[in-house]
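Enquirer: Here is a sequence together with a model predicted from it:
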Amino acid sequence: MAVERWYRSKVDWWVAVLLVVGPLAALAGMVVTLRSGQGFAVLVALFGPALFAAIYVGLVFPMRYGIDGESLVVRFGLVRLRIGLAEISEVRPTRNPLSSPALSLDRLAICTGEASSRRTRALISPAARGEFLTELAARARLRRDGDRLVR
């Protein structure tokens, strides 16, 4: 089933700075090395920008979230994670800094399973948080409980 609407990830200013500084530093190092004209050093200098490009294409961009008829689709780079709407038991706000497909610490924890054994399946950060929660609640048949969604 096709996703009708995608929600982009919110981006914290400091994450944006980190995403820009690393590749710029690698490119600056490559330019300096290319100007030196040393053969093997040029090959090594090309590695930095190539590594950033591979990571960004493979795991970062695009970073977005969509809801189709059966699942929450989390897309980050070349990866697509699908969480069945019927499996979602709770969606709650968090600032958990663990690695996740989110470019902000203003996150939502998507939890599955029973209350006694809840498992966090993804930490996401939709920019249009209110709209996202409203659509997810309607499609997954979850109810609002303050700033959370629960089954």
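Expert: Received the coordinates, thanks. Numbering: from 1, shown residues only.
Enquirer: ok, now which ones touch the residue nearest the centre of the chain?
Expert: The C-alpha lying nearest the average C-alpha coordinate of the chain belongs to Pro101 (C-alpha atoms, centre = their mean; 2.4 Å). Contacts for Pro101 (C-beta atoms under 8 Å, 6 or more residues apart in numbering) come out as 9, 63, 74-76, 79, 81, 122-124. To be clear about C-beta, it is placed using only N, CA and C from the backbone, and glycine gets the same treatment.
Enquirer: Val60 and Leu78 touch, don't they?
Expert: No. Judged on C-beta atoms under 8 Å, Val60 makes no contact with Leu78 at a distance of 10.0 Å.
Enquirer: Those two: which has the busier surroundings?
Expert: Here Val60 and Leu78 are compared on neighbour count by other C-beta atoms under 10 Å; more neighbours surround Val60, at 15 against 10.
Enquirer: Quick check: phi and psi at that one.
Expert: The phi and psi torsions at Val60 (degrees, to the nearest 10) take the values phi -120, psi -60.
Enquirer: just for this structure, where's the confidence low?
Expert: By pLDDT under 70, the low-scoring segments of the chain are 116.
Enquirer: circling back to that earlier point, quick one: contacts for the closest residue to the residue nearest to the centre of the chain other than its chain neighbours?
Expert: Leaving out its chain neighbours, the residue that sits closest to Pro101 by C-beta to C-beta, 6 or more residues apart in numbering is Phe76, at 3.8 Å. Contacts for Phe76 (C-beta under 8 Å, 6+ apart) come out as 59-60, 62-63, 101.
Enquirer: what are the C-alpha coordinates of the longest helix anywhere in the chain, in CSV please?
Expert: For the chain, the longest helix by residue count, based on DSSP state H, is helix 13-36. These are the backbone C-alpha positions of helix 13-36, laid out as CSV (Å, rounded to 0.1, in the frame of the first residue of the first chain):
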residue,chain,number,x,y,z
TRP,A,13,20.0,23.4,14.9
TRP,A,14,23.0,21.7,16.5
VAL,A,15,22.4,18.5,14.4
ALA,A,16,22.2,20.6,11.3
VAL,A,17,25.6,22.2,12.2
LEU,A,18,27.1,18.7,12.8
LEU,A,19,25.7,17.4,9.4
VAL,A,20,27.4,20.3,7.6
VAL,A,21,30.7,20.7,9.5
GLY,A,22,31.9,17.1,9.0
PRO,A,23,31.6,17.0,5.2
LEU,A,24,33.0,20.6,4.9
ALA,A,25,36.0,19.6,6.9
ALA,A,26,36.6,16.5,4.8
LEU,A,27,36.2,18.6,1.6
ALA,A,28,38.7,21.2,2.9
GLY,A,29,41.2,18.5,3.8
MET,A,30,40.7,17.0,0.3
VAL,A,31,41.3,20.4,-1.4
VAL,A,32,44.5,21.0,0.6
THR,A,33,45.8,17.5,-0.2
LEU,A,34,44.9,17.8,-3.9
ARG,A,35,46.9,21.1,-4.0
SER,A,36,50.0,19.3,-2.5
